[in-house]
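Engineer: give me the fold of what follows.
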Amino acid sequence: MATSSPRLYTTPFILLCASHVLFSGSFNMIIPELPDYLTSLGGASYKGMIIFLFTLAAGLSRPFSGKLTDTIGRVPVMVIGTLVCVVCSLLYPLISGVAGFLLLRFFHGFSTGFKPTAATAFAADIIPVARRGEAMGILGVSMNLGATMFPPVGSWITLSLGMDYMFFASSAIALISIVMLWKLPETLEDKQKFSPKLLKISPKEIIEPSAIAPAVVISMIYVGFGVILTIVPDQSVYVGMTNKGMFFVSLTIFSILSRLVAGRISDRVGRVPMIRISVVLIFISLILMGIASTPLMLMVSAGAFGFSHGIASPAVFAWVIDRSNDQRRGRAMATAYIALEVGIGFGAVMSAWAYGNDYENFDRAFFITAGISLMAIVYLWYWRRFRNPSNKES
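Structural biologist: The predicted structure is shown next:
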């Protein structure tokens, strides 16, 4: 149950956020180098699969992670998810073919199918109800800190020591993240002992109805991340940015800046108004990214995109929590993250197709994505007008 205490920064919440930083850093630090790594294996035409398979596995695992989060507990599911990062990062240097690489990327995706689902449910259990938006913002900041600090480190390790050492460092960072989880108290009151029967998922356990409206919005606004993760490493080279990780530094710094205040504002003015504002800003930032032709322009557009998403994410995930009940919170978060993976996965495949390894096509990929993101406002108008005429949930 969420506490009524106004205190947010408790020891469990701080440990959770610290673990999240390292978990995010573990799998984000290798992303800028993976396109070149896949190309070296002879798989240049499969760049879209780097993100798509990762997100596909994450999406497929969400119903299981949601159910297990609500049965065996939040902490065990977080440990399982992070352990996948430890093992997969150790296996990358052993891969010598495209098929093996793509299979490993698929299994690596199970990590984000488990850890964030359970972590968000755990956070919702311990945070004050009146500070949900703020807490989701801080939890997002934790993920973004990992995404900010570690991609440049991964690129530096690759340039200095080689790619194998980057993978080893990724595994070690994930292992430290697990250590931080051991001190967390389990918040699920009626835990069950794990049984293989728990892995049997019925249709009604895949999607939590209360999370459908936020999930639709999430799927639309996260298409842009799939595009960025797929083609921006190449775009960075095209515009002359030597360290590809610097793009993510700009994106994440500005995302952190907006998250620090946007979540708190959504607690006061409502979720939907904040989401509407963020969608317009996301649209503008994607247009800017499509026309970027210099490192400075790319960094500025990255910052604009990060700032926009820093407004959207706390509001939309707090909206999920607002609409869920305690007993099905894990399933609600799983539904939201399924939508996130669908958006990212679609963005990865669509952008790889629109880009086609032709530097002249960067703008086309981003313009299509901008249009998709803007559809979220249309959906919100429809939802408020026809599905929620009382306008109680805003």
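Engineer: residue 67 against residue 202, yeah?
Structural biologist: No: the criterion here is C-beta atoms under 8 Å, and residue 67 misses it with residue 202 at 9.4 Å. Where C-beta positions appear, they are placed from N, C-alpha and C, glycine not excepted.
Engineer: of these two, which one has the most company?
Structural biologist: Taking other C-beta atoms under 10 Å, residue 67 and residue 202 do not tie; residue 67 has more neighbours (22 against 8).
Engineer: just give the nearest non-adjacent residue to that one, would you?
Structural biologist: Excluding its sequence neighbours, the residue lying closest to residue 67 (C-beta to C-beta, 6 or more residues apart in numbering) is residue 205, at 5.7 Å.
Engineer: pull the number of nearby residues for that neighbour.
Structural biologist: For residue 205, using other C-beta under 10 Å, the count is 16.
Engineer: what pLDDT does the model give it?
Structural biologist: Looking at residue 205, its pLDDT is 76.
Engineer: one more: residue 10?
Structural biologist: 89.
Engineer: apart from its neighbours in sequence, what residue is nearest it?
Structural biologist: residue 126 (6.5 Å).
Engineer: surely that neighbour touches residue 13?
Structural biologist: Yes: Residue 126 lies in contact with residue 13 (C-beta under 8 Å); the separation is 6.0 Å.
Engineer: and residue 148, how far from residue 175?
Structural biologist: 21 Å (C-beta to C-beta, to the nearest Å).
Engineer: the more surrounded of these two?
Structural biologist: Between residue 148 and residue 175, residue 148 has the larger neighbour count (other C-beta under 10 Å), namely 25 against 17.
Engineer: in what helix or strand does the more buried one lie?
Structural biologist: Using DSSP states H and E, residue 148 sits in helix 132-160.
Engineer: any stretches of the stretch 1-150 of the chain with poor pLDDT?
Structural biologist: 1-6 (pLDDT under 70).
Engineer: rewinding a little: give the other helices and strands that the helix holding residue 148 contacts.
Structural biologist: helix 11-28, helix 110-126, helix 163-181, helix 245-269, helix 295-323 (3 or more C-beta pairs under 8 Å, 6 or more residues apart in numbering; DSSP states H and E).
Engineer: same list, those, but as TSV with distance to residue 197 please.
Structural biologist: Shown next, in TSV, are the helices and strands packed on helix 132-160 (distance: least, C-beta to C-beta, whole Å):
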stretch	distance to residue 197
helix 11-28	29
helix 110-126	19
helix 163-181	25
helix 245-269	38
helix 295-323	27
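Engineer: tell me which of the ones you listed sits most buried.
Structural biologist: Mean neighbour count, computed with mean count of other C-beta atoms under 10 Å, is highest for helix 110-126 among the helices and strands packed on helix 132-160, reaching a mean of 27.
Engineer: picking that back up, any idea how far residue 94 is from the residue nearest to residue 67?
Structural biologist: Separation of residue 205 from residue 94 (C-beta to C-beta) stands at 36 Å.
Engineer: residue 106 too?
Structural biologist: On the measure of C-beta to C-beta, residue 106 and residue 94 end up 16 Å apart.
Engineer: look at those two and report which has more neighbours.
Structural biologist: Taking other C-beta under 10 Å, residue 106 and residue 94 do not tie; residue 106 has more neighbours (19 against 10).
Engineer: what secondary structure does the more buried one sit in?
Structural biologist: helix (DSSP: H, G, I helix; E, B strand; the rest coil).
Engineer: next, count neighbours for the closest residue to residue 165 other than its chain neighbours.
Structural biologist: Closest residue to residue 165 apart from its sequence neighbours, by C-beta to C-beta, 6+ apart: residue 157 at 5.4 Å. With neighbours defined by other C-beta under 10 Å, the count for residue 157 comes to 22.
Engineer: tell me who's in contact with residue 157.
Structural biologist: In this structure, residue 157 makes contact with 165, 166, 169, judged by C-beta atoms under 8 Å, 6 or more residues apart in numbering.
Engineer: cool, residue 287 as well?
Structural biologist: Applying C-beta under 8 Å, 6+ apart, the residues near residue 287 are 366, 367, 370.
Engineer: can you give me the buried ones in the helix or strand hosting the first one?
Structural biologist: Secondary structure assigned from DSSP H and E places residue 366 in helix 362-382. When neighbours are counted by 16 or more other C-beta atoms under 10 Å, the buried residues of helix 362-382 are found to be 362-366, 368-370, 372-377, 379-380.
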